[in-house]
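sharing a model that was predicted from the sequence below.
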Amino acid sequence: MHAAEISLWMIVVLVFLALAFDFMNGFHDAANSIATVVSTGVLKPQHAVLWAASFNVIALFVFQLKVATAIGKGTIDPEIVDQYVIFGTLIGAIAWNIITWYYGIPSSSSHALMGGLIGSALAKAGPGALVWGGVMKVVVFIFVAPLLGFILGGIIMVAVAWACNRSTPRRVDKLFRRLQLVSASLYSLGHGGNDAQKTIGIIWMLLIAAGLSGTSEPIPMWVVLSCYMAMGLGTLFGGWRIVKTMGQRITKLRPVGGFCAETSGALTLFMATGLGIPVSTTHTITGSIVGVGASRGMGNVRWGVAVGIVWAWIFTIPASALIAAIAWWLGRLVL
């Protein structure tokens, strides 16, 4: 791919489109970061989004860019990437995010982006364009991330209940209202660290295709900074429609439960980001919340709501892939 094949104006348009997706990712997934602290009354919504957004950006200084590298080089064949593939990818992901945000469905922005990549690559070059090892890693973690969140959430909840067995409910509530600020910051750190890097990977993929960067070169710092800032700004504006679903419809949470769910989600995200695996923060926190609720008895979880969310997970990759394939075809005609 030579630089002349992708015009400068097209690169600028696609970078802005990618940052728009990143903003929407933060906007859409803000509920994951703030739902528990808002629903338990620890922070007011406007304070919660500011808290979460700050730690989304601070993640820039904490995590290596392993997830960005996995997206940029480990999902589809870099040789087939052009402006139409990137355009289709971003339109597919953004469109699915808008649809799910409108209906208040906590789907995965990450998997919408993966679906967009897969759909555009298949539309252009067929199954041979996919790096199956990287794609399967993402698919496997659709199940592993929420399951790990579920298990850790339940274990942490049981351990905390045992440790606080002799304390009064009032003392426990007061303690975990403070500790939830710590767990919320850790979760937002993991959220920014994993999710912002996905857009970094997409922009880097575009720059490589345009001949403005190489696979052996470091990712340009302006890409890293702009993606983390866009993610933080998106979180700052918040995704209010999804907060109620995540915070109270799955299970009723008290500060101690919110702490356990966020800590479980943060541990899962830290592990995945450290390994360079792009996972869904939505899946992770949902699994953690269900695990916390189930630890107090299966009747404490509204399984109908949880099952509805799982169906949204299942449809995300194929739905965004279909939209992306259509957008790739339209892009070829219009751009």
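Arrived safely.

switch to C-alpha atoms for all contacts and neighbour counts from now on
Noted.

who's in contact with S226?
Applying C-alpha atoms under 8 Å, 6 or more residues apart in numbering to S226 gives the contacts L19.

where does it fall, helix, sheet strand or coil?
helix (DSSP: H, G, I helix; E, B strand; the rest coil).

for G104, same thing?
coil.

how about it, phi and psi?
Dihedral angles of G104 (phi, psi; degrees, to the nearest 10) stand at phi 70, psi 30.

what's the longest helix anywhere in the chain packed up against?
Looking across the chain with DSSP state H, the single longest helix is helix 169-209. Helices and strands touching helix 169-209, by 3 or more C-alpha pairs under 8 Å, 6 or more residues apart in numbering; DSSP states H and E, are helix 8-39, helix 45-58, helix 66-74, helix 83-102, helix 221-237, helix 255-275.

distance to I317 for those - can I get that in a markdown table?
Listed next are the helices and strands packed on helix 169-209 as a markdown table, based on distance: least, C-alpha to C-alpha, whole Å:
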| stretch | distance to I317 |
| --- | --- |
| helix 8-39 | 15 |
| helix 45-58 | 25 |
| helix 66-74 | 15 |
| helix 83-102 | 9 |
| helix 221-237 | 21 |
| helix 255-275 | 19 |
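
quick one: which of the ones you listed is nearest W328?
helix 83-102 (4.3 Å; C-alpha to C-alpha).

mean confidence score for that closest one?
Averaged across helix 83-102, the pLDDT comes to 92.

quick one: work out the angle between the following helix or strand past it and helix 83-102.
Downstream of helix 83-102, the first helix or strand assigned by DSSP states H and E is helix 109-125. For helix 109-125 against helix 83-102, the angle by axes from the mean of the first three to the mean of the last three C-alpha atoms, to 10 degrees is 140 degrees.

got the buried residues for helix 109-125?
109-124 (16 or more other C-alpha atoms under 10 Å).

can you check stretch 299-318 too?
Per 16+ other C-alpha under 10 Å, stretch 299-318 contains these buried residues: N300, V301, R302, A306, I309, V310, A312, W313, T316, I317, P318.

and it, how far out from the chain middle?
Distance of stretch 299-318 from its chain centroid, counting by C-alpha atoms, centre = their mean, to the nearest Å, is 17 Å.

render the CA-only coordinates of it in CSV, please.
What follows is stretch 299-318 as a C-alpha-only set of coordinates in CSV (Å, rounded to 0.1, in the frame of the first residue of the first chain):
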residue,chain,number,x,y,z
GLY,A,299,-32.9,-15.3,43.3
ASN,A,300,-31.2,-11.9,43.6
VAL,A,301,-30.4,-11.8,39.9
ARG,A,302,-33.0,-10.8,37.3
TRP,A,303,-32.0,-13.5,34.9
GLY,A,304,-34.4,-12.3,32.2
VAL,A,305,-32.6,-9.0,32.0
ALA,A,306,-29.2,-10.8,32.0
VAL,A,307,-30.3,-13.1,29.2
GLY,A,308,-31.5,-10.2,27.2
ILE,A,309,-28.1,-8.6,27.5
VAL,A,310,-26.4,-11.8,26.5
TRP,A,311,-28.5,-11.9,23.3
ALA,A,312,-27.2,-8.4,22.5
TRP,A,313,-23.6,-9.7,22.9
ILE,A,314,-24.3,-12.6,20.5
PHE,A,315,-25.7,-10.3,17.8
THR,A,316,-23.1,-7.5,18.1
ILE,A,317,-20.3,-8.9,15.9
PRO,A,318,-22.5,-10.3,13.1
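
quick check: which ranges of the stretch 101-250 of the chain have low pLDDT?
When residues are selected by pLDDT under 70, those of the stretch 101-250 of the chain lie in 106, 238-250.

closest one to V140 among the helices and strands packed on helix 169-209?
That would be helix 255-275 among the helices and strands packed on helix 169-209, by C-alpha to C-alpha, at 12.2 Å.

how would you label the most far-flung residue of the chain relative to its centre: helix, strand or coil?
What lies farthest from the middle of the chain is R166; by C-alpha atoms, centre = their mean that is 38.1 Å. What three-state DSSP gives for R166 is coil.

returning to what we had before: who wins for proximity to A145 among the helices and strands packed on helix 169-209?
Between A145 and the helices and strands packed on helix 169-209, the shortest separation by C-alpha to C-alpha is 6.8 Å, and it involves helix 255-275.
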